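A.B. asks: Here's my sequence, what's the structure:
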Amino acid sequence: MFPWLIRLLKLCTFDKYFNRAIKGFIISQSHNYSSVDNQVKTIKSFGMPVILIDDLLHKGHRMKILIPYLEKNNVEVKEVMAGVMTGQAMDLMAEKHFAVESAYFLPTLTAWMNERDCYPFIGGDGIDNAHNYSGYDSNPTINFVLPYVNPAFIGDNNNKAVYLYSLTCLQNAAYIMRTLQEVYQEKFEKRLTLKRLGEVFTYPRIPDIDVGVKFDENLDPVRFIENDIERLVRLKWGSVGDKD
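C.D. replies: Okay, here's the model as predicted:
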C-alpha cells in the first residue's frame, strides 16, 4: 500500500448564486451541503494530499473561493485536473504553483455555455431566494436564455442570434421533458406533474420568474416550457426585424 493516499475532491459541491438583478453573483456551497469551511475540514481530517477535479477550468471562480480555505486548513494540493482548461486558468494555476493537467486545452476560449443549465426545470444557476415566495424556495434557479434573461454575451448582442439560441434551448428542453413525461406515464400509469418532478431529478431546478409567482404543481412541466416558448415568440415581434 502507498504511504499516502490521494483523496478526490470534486468541486460539484459549490454553486453560483446570482443576485436578483443578475448583475453579480457569489460562489457558495450547494443546497443541502455543509459550509465550504466544514467541507475542507473534513478533507483535512484524512491527513492526505488531495487532487482537485473539475469539468471546466476557465475563470476559476470556484478555485478562488476554495484556495483560501485550503491554505487556512493546511491541505496539500497534489494536482489539479480538468476536462477542459483555458489559458486564463493555466495562468491562475501557475500563479498558485499548482500542478495542472487537462484532457483538452483551449487557450483563447471566449465563452463557455453549459447546455443543461440553459434548460428550465432541468438545470440552471442559483439565485438569491431571500424574498422568493413561489413555494419552491429550496432551489430557485435562473436560465440564461430568453424570456428569463437576455444572454447578451451571445452573438455580440445580435438580437436574432440571441432569439434563435434561446428558442433552440427551450425547444430542446420541451422535447426532453415531453419524452420523460411519456416514459413516466407508461411506467407508473400516472402523469409526471411538477409536484412529482423530484422522482425524476434529484434536485429539480425551478425557474425563478418573479416574487409572488407560483407554479401550479399539478400541471405538466412541459406546459410551462411551452408557455415560455410562446412568450419568447411574442418578444421576437419588433425586436429582430421580423413581424410576420
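A.B. asks: for the longest strand along the chain, packing partners?
C.D. replies: Ranked by number of residues, the top strand in the chain under DSSP state E is strand 77-86. Using 3 or more CB pairs under 8 Å, 6 or more residues apart in numbering; DSSP states H and E, the elements in contact with strand 77-86 are strand 50-57, strand 100-106. Bear in mind the C-beta positions are built from the backbone N, C-alpha and C, glycine included.
A.B. asks: which residues sit in contact with the residue nearest to residue 35 when sequence neighbours are not counted?
C.D. replies: Nearest residue to residue 35 in three dimensions, chain neighbours excluded: residue 29, at 5.8 Å (CB to CB, 6 or more residues apart in numbering). By CB atoms under 8 Å, 6 or more residues apart in numbering, the contact set of residue 29 is 13-15, 35-36, 39.
A.B. asks: just so I know, which of the helices and strands packed on strand 77-86 lies nearest residue 207?
C.D. replies: strand 50-57 (23.0 Å; CB to CB).
A.B. asks: what angle separates the closest one from strand 77-86?
C.D. replies: 10 degrees (axes from the mean of the first three to the mean of the last three CA atoms, to 10 degrees).
A.B. asks: Flag every buried residue along strand 50-57.
C.D. replies: Residues 50-54, 56-57 are the ones in strand 50-57 that count as buried (16 or more other CB atoms under 10 Å).
A.B. asks: likewise stretch 63-73?
C.D. replies: 63, 65-67, 69-70.
A.B. asks: Then stretch 93-111?
C.D. replies: Applying 16+ other CB under 10 Å to stretch 93-111 flags 93, 96, 100, 102, 109 as buried.
A.B. asks: and the residues you listed, which two are the farthest apart?
C.D. replies: Largest pairwise distance in the buried residues of stretch 93-111, by CB to CB, is 19.8 Å, between 96 and 109.
A.B. asks: circling back: okay, who's weakest in the contacts of residue 29 by pLDDT?
C.D. replies: Taking these together, the minimum pLDDT is found at residue 13 (67).
A.B. asks: for the helix or strand following the longest strand of the chain, packing partners?
C.D. replies: Using DSSP states H and E, the helix or strand that follows strand 77-86 towards the C-terminus is helix 87-95. Counting contacts by 3+ CB pairs under 8 Å, 6+ apart, helix 87-95 packs against strand 100-106.
A.B. asks: So in the protein, which helix runs the longest?
C.D. replies: Taking DSSP state H as the criterion, the chain has its longest helix at helix 159-188.
A.B. asks: Run the chain-centre distance for that one.
C.D. replies: 17 Å (CA atoms, centre = their mean, to the nearest Å).
A.B. asks: Can you tell me the strand partners of the helix or strand following it and which way each runs?
C.D. replies: Next helix or strand after helix 159-188 toward the C-terminus (DSSP H and E): strand 206-207. When pairing is defined by DSSP bridges, strand 206-207 lines up against strand 140-142 (parallel).
A.B. asks: Buried ones in the strand it pairs with, by neighbour count?
C.D. replies: Those would be 140-142, for strand 140-142 by 16+ other CB under 10 Å.
A.B. asks: count of neighbours near the closest residue in space to residue 120 that isn't next to it in sequence?
C.D. replies: Using CB to CB, 6+ apart and skipping residues adjacent in sequence, the residue nearest residue 120 is residue 207, 4.6 Å away. By other CB atoms under 10 Å, 21 other residues sit near residue 207.
A.B. asks: can you list the domain ranges for this protein.
C.D. replies: 7-106, 115-236 (automatic domain parsing).
A.B. asks: hey, least reliable of these by pLDDT?
C.D. replies: domain 7-106 (a mean of 82).
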